[in-house]
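Visitor: requesting a structural model of the entry that follows:
(one chain, ligands or ions: 1)
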Amino acid sequence: MPRILVTNDDGVHSEGLRALARALEPLGEVTIVAPLGDASAIGHALTLSRPLRLEKLEPGVWAVDGTPTDCVNLAVTRVLDGLPDLVVSGINTGYNLGDDVTYSGTVGAAMEGTLLGAPSLAVSVCRQREYDFRQPAWAGAEVARVVLERPLPARTFLNVNVPPRRAHGFRATVQGRRRQSTTVRQGEDPRGRKYYWIEEVVSDWDPDPRADIEAVRAGWISVTPLQLDLTAHESLDFVEGLSLGAPAGVE
Ligand code: MN
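Guide: The predicted model follows:
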């Protein structure tokens, strides 16, 4: 039976995590190792400056007081004693689309699984007032089923985003491009000191019919293959052509 590691960034008590784990149970032996608290927007962070605690909450469910990436590392080395056959991260409450994937702890966990050599996927659903995890849990399990049957290309993982209403089906997409803007609200704390709060802004996207954002907007489940290599290969010539000087002042 395949071993499936389930993690997330919303925390071990998140309903989306449990719904995903339940949906994956027919496919293999499911182990949950997830952050104790909310670790959203923590990206691919790894905790190196303090000890981590691993706590068994119930059979097959572990909590780590760290990041999703910490969870994957502790799962592989201390809980499963080896790589799982699949890492599934989610279900995140809120899309992880386009350029936002670099902030995402949900995607970060799938990145870490991939780096360590396990097939990995991230599953997110549209932000809603009342969540119904049935469709995203089914979608995550359906993608997991085919990934267990057919290995992913090397160093590649899948980012799955599920629209709120009944979807038409799955669509292969590319990472959309956001026209980035930022809002930082200023306030004053009870001691009279200023504070700043970064707000999530609704921004425009570059039009691209193949983009993940377009797929979910049109009612499809978006599946984007992502890779860890951030090299802008087409810009290597540009860097090689820069007139960079010889090192000076170095013996
Ligand atoms: Mn989250």
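Visitor: got the residues of the protein near the ion?
Guide: 9-10, 40, 92 (C-beta under 5 Å from the ion). The way it works is simple: take the backbone N, C-alpha and C, and place the C-beta from them, glycine included.
Visitor: Throw those into a markdown table and include neighbour count, thanks.
Guide: Supplementary listing: the residues of the chain next to the ion in a markdown table, determined by neighbours: other C-beta atoms under 10 Å:
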| residue | neighbour count |
| --- | --- |
| D9 | 31 |
| D10 | 23 |
| S40 | 20 |
| N92 | 27 |
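Visitor: could those residues go into CSV alongside pLDDT, secondary structure and distance to A232?
Guide: Shown next, in CSV, are the residues of the chain next to the ion (pLDDT from 0 to 100; DSSP: H, G, I helix; E, B strand; the rest coil; distance: C-beta to C-beta, whole Å):
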residue, pLDDT, secondary structure, distance to A232
D9, 98, coil, 27
D10, 98, coil, 32
S40, 94, coil, 28
N92, 98, strand, 27
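Visitor: separation between the residue of the stretch 51-200 of the chain found nearest the ion and T224?
Guide: The ion sits closest to N92 of the stretch 51-200 of the chain, with a gap of 4.4 Å, by C-beta to the ion. With the distance defined as C-beta to C-beta, to the nearest Å, N92 ends up 14 Å from T224.
Visitor: once you drop chain neighbours, what's closest to the closest residue to the ion within the stretch 1-150 of the chain?
Guide: Among the residues of the stretch 1-150 of the chain, S40 lies closest to the ion, at 3.3 Å counting by C-beta to the ion. Nearest non-adjacent residue to S40, counting by C-beta to C-beta, 6 or more residues apart in numbering: D9, 5.0 Å away.
Visitor: quick one: low-confidence ranges for the stretch 1-150 of the chain?
Guide: Judged by pLDDT under 70, the stretch 1-150 of the chain has no weakly predicted residues.
Visitor: at which residues are the strands of it located?
Guide: For the stretch 1-150 of the chain, the strands identified by DSSP state E, counting those that start in this stretch occupy 3-7, 29-35, 54-58, 61-64, 86-93, 120-125, in order along the chain.
Visitor: which among the ones you listed is found nearest to T183?
Guide: Proximity to T183 (C-beta to C-beta) singles out strand 86-93 among the strands of the stretch 1-150 of the chain, at 20.9 Å.
Visitor: sheet-wise, list the partners of that closest one with their directions.
Guide: Taking DSSP bridges as the criterion, strand 86-93 sits next to strand 3-7 (parallel), strand 120-125 (parallel) in its sheet.
Visitor: contacts for the last one?
Guide: In this case it means strand 120-125. Contacts made with strand 120-125 from outside it, assessed by C-beta atoms under 8 Å, 6 or more residues apart in numbering, are listed as 16, 20, 86-96, 104, 106-107, 109-114, 131, 133, 135-136, 139-140, 143-144, 147, 157-162, 164.
Visitor: nearest residue to R171 in space, please, no chain neighbours.
Guide: Counting by C-beta to C-beta, 6+ apart, W220 is the residue found nearest to R171 once chain neighbours are left out, at 4.0 Å.
Visitor: distance-wise, check the one you found relative to N161.
Guide: Separation of W220 from N161 (C-beta to C-beta) stands at 9 Å.
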